[in-house]
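Student: show me how the following folds:
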Amino acid sequence: MENLNPTDFELVQEFTSGSQKAIEVLIRRHHKRVYGYILLMVKNPAIAEDIFQDTFVKVIKSLREGRYADNGRFVSWVMRISHNLIIDHFRKEKQMKMISKDSGAVDIFNSPRFSEKNIEEDIVYEQVLTDVRALVDRLPDEQKEVVMLRHFANLSFKEIAEQTDVSINTALGRMRYALINMRKLMEESNLSLSI
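Tutor: As a prediction, this is how the structure comes out:
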């Protein structure tokens, strides 16, 4: 590493050529951004640290297996891996039928807010969520990312702009086009997303 400030691409190449130090530099370089995003999503430092470590385990494994194609967006690729791991975390948590609160865990079946739903409503609700996720998955990557960050991560458009390295207007535009595209996809698929 003669270059004092190598690019992510150069570091990836060095790592795939056998330099352990290169991956350490990449992890240090992107730690604050990736960990901060994970912590913002899960709101628990211990879980955030676990997901951060799992993210870079996947990054290292993918790099070693040659499954990373550089497009100048290494950190976006890492963020997408962390985002998928966050979603996996929440899915597992949901399967355990628990909602985490600052004061501890609460069984959702003992909550009056959830107890009034009948099985039929639950099935319809789950189907709507599945349909929405399928629509989001069909969006172009840039639009999908904005929808996920806005509605699943509850980020503001300012935070989305910072996270994706675009202007606020670009983030807003991507959301607008995502909604337009989702409406078109709903019409094409003859979907009704009412609960």
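Student: only C-alpha atoms from now on, for both contacts and neighbour counts.
Tutor: Noted.
Student: quick one: the strands in the protein?
Tutor: For the chain, the strands defined by DSSP state E cover 98-101, 104-107.
Student: count the neighbours of the nearest residue to I168 once chain neighbours are set aside for me.
Tutor: Nearest residue to I168, sequence neighbours excluded (Cα to Cα, 6 or more residues apart in numbering): A161, at 5.2 Å. Burial measure for A161: 18 neighbouring residues, criterion other Cα atoms under 10 Å.
Student: list the buried ones in stretch 164-176?
Tutor: T164, I168, A171, L172, R174, M175 (16 or more other Cα atoms under 10 Å).
Student: with stretch 56-67 instead?
Tutor: Applying 16+ other Cα under 10 Å to stretch 56-67 flags F56, V59, I60, L63 as buried.
Student: and the residue nearest to I168, what is it in contact with?
Tutor: By Cα atoms under 8 Å, 6 or more residues apart in numbering, the contact set of A161 is S167, I168, T170, A171.
Student: just give me the closest of these to Q143.
Tutor: Of all the contacts of A161, A171 has the smallest distance to Q143: 8.5 Å, by Cα to Cα.
Student: does that closest one touch I160 like I think?
Tutor: Yes. The criterion here is Cα atoms under 8 Å, and A171 meets it with I160 at 6.8 Å.
Student: how does this protein divide up, domain by domain?
Tutor: 1-114, 117-186 (automatic domain parsing).
Student: OK, contacts around the residue nearest the centre of the chain?
Tutor: Central residue of the chain (Cα atoms, centre = their mean): H83, 2.3 Å from the mean position. Counting by Cα under 8 Å, 6+ apart, H83 makes contact with I38.
Student: how far away is it from W77?
Tutor: 10 Å (Cα to Cα, to the nearest Å).
Student: just to revisit the earlier point, of the buried residues of stretch 56-67, which belong to helices?
Tutor: Of the positions in those, F56, V59, I60, L63 sit in helices, assigned by DSSP state H.
Student: Serialize the residues you listed to CSV and add fields for distance to Q127 and pLDDT.
Tutor: Shown next, in CSV, are those (distance: Cα to Cα, whole Å; pLDDT from 0 to 100):
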residue, distance to Q127, pLDDT
F56, 33, 94
V59, 33, 93
I60, 36, 93
L63, 36, 91
